[in-house]
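Engineer: next comes the sequence, and after it the predicted model I'd like to discuss.
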Amino acid sequence: MNSPVLIVIQGPTASGKTKLAIDLALHFDTQIISADARQFYSEMTIGTAKPSDIELSQVKHHFINSHSIQQDFTASNFAEEATALLKSLFESRKVVVLVGGSNMFIDALIDGLDDIPSDLSLKKELNSILEKNGIDVFLEELKEKDPETFKTIDKNNPHRILRAIEAIRLSGEKFSDLKSGNKQQNKFNTFRFALQWERSVLYDRINQRVDLMMDQGLLAEVKSLLPQRSLNALKTVGYTELIKHLDGEITLDFALDQIKQHTRNYAKRQLTWLNRYDDLVWLDPNTSISPKDQIVALLNNANHESLS
């Protein structure tokens, strides 16, 4: 094998990415780079479904609890820091595992970022409109001007929505068309995998996860973060709905129903994004061969030698 290997574990929320990544890291005696845009933040634990303390002790994870919610940590920031980390890790190992549901961050690391226009004065104007009128006016604009981006963008993330609107207004082009498609050249081979569940099974897993989060103390976690409620990091499924409950706007039962529905909607958008990849291998989690063993066999076959 001439180049090191980056194993990328993607997939919708609640699909089992964390366990699979740990299984692979243990097998290859390597480390994990997390690409989850909310697990970076040390103050948000339960609602972001971070690996447990036991799981974190099994394998070295990077970019979990690495930043404060007071910090903006963008896809560009992540790509820059993770690229440097990968270079260091590959000096002493053949394989590194990258795992997460934030597909934009993963793409930024693997493919690079396009030179998308930005303007500070327009950014301030858009944020002012957001504070006065809410996000719906921008979603309507995005739906009209760039339906493709509208389908895949996280509609609970105002930062990303405003970034798309900013680029569209400045360029006069669709945000989706501003992506050049010219991928950066990497000094490692990338293999993408995801676990493929039946939609009904995935939705059951999502609902069960939300119930487990509540049992673990999600409501108390959100309550402790109320003083920072204006921060972009907290405009996240699970936190947004419970803040509304704590404000007396909705009942707890309705908030939980909304969290489950919004998480299912998020999973749909993740799946739409994943369907754009032509190199993603979908794994069946219900066969007698474990997902980890499926990947090991595929990689060894692809490289014509054992990576273990």
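Structural biologist: Cool, got the structure. Just so it is clear, the model here is predicted, and its values are computed rather than measured. Residues are numbered from 1 along each chain as shown.
Engineer: what about the stretch 101-250 of the chain, any weak spots by pLDDT?
Structural biologist: 115, 179-182 (pLDDT under 70).
Engineer: number of nearby residues for Ser121?
Structural biologist: The number of residues packed near Ser121 is 7, by other CB atoms under 10 Å. For the C-beta atoms, the positions are set from N, CA and C on the backbone; glycine is no exception.
Engineer: that one looks like it's in a strand, true?
Structural biologist: No: Ser121: not assigned to a strand; according to DSSP: H, G, I helix; E, B strand; the rest coil it is helix.
Engineer: so what's Ala21 up against?
Structural biologist: By CB atoms under 8 Å, 6 or more residues apart in numbering, the contact set of Ala21 is Ile9, Ile32, Val59, Val97, Val99.
Engineer: quick check: bridge partners of the closest residue to it other than its chain neighbours?
Structural biologist: Once flanking residues are discounted, Ala21 sits nearest to Val99: 3.8 Å by CB to CB, 6 or more residues apart in numbering. Beta-bridge partners for Val99, by DSSP bridges, are Ile9, Ser34.
Engineer: gap between Val99 and Lys60?
Structural biologist: Distance of Val99 to Lys60, computed by CB to CB, to the nearest Å: 13 Å.
Engineer: who touches both of these two?
Structural biologist: In contact with both Val99 and Lys60: Ile32, using CB under 8 Å, 6+ apart.
Engineer: neighbour count winner among those two?
Structural biologist: More neighbours surround Val99 than the other of Val99 and Lys60, with 26 against 12 (other CB under 10 Å).
Engineer: let me see the domain layout of this structure.
Structural biologist: Structural domains assigned to the chain are 5-113+181-303, 131-178, following automatic domain parsing.
Engineer: out of the ones you listed, which gets nearest to Leu120?
Structural biologist: domain 131-178 (10.0 Å; CB to CB).
Engineer: run the chain-centre distance for that closest one.
Structural biologist: 19 Å (CA atoms, centre = their mean, to the nearest Å).
Engineer: and if you look at stretch 53-64?
Structural biologist: For stretch 53-64, the distance to the chain centre is 17 Å (CA atoms, centre = their mean).
Engineer: average model confidence for that stretch?
Structural biologist: The pLDDT scores in stretch 53-64 average 98.
Engineer: quick check: end-to-end length of that stretch?
Structural biologist: From its first residue to its last, stretch 53-64 covers 11 Å (CA to CA, to the nearest Å).
Engineer: Provide the secondary structure category for the closest residue to Thr287 other than its chain neighbours.
Structural biologist: Distances taken as CB to CB, 6+ apart put Gln294 closest to Thr287, at 7.6 Å, once the chain neighbours are dropped. Under the three-state scheme (three-state DSSP), Gln294 adopts helix.
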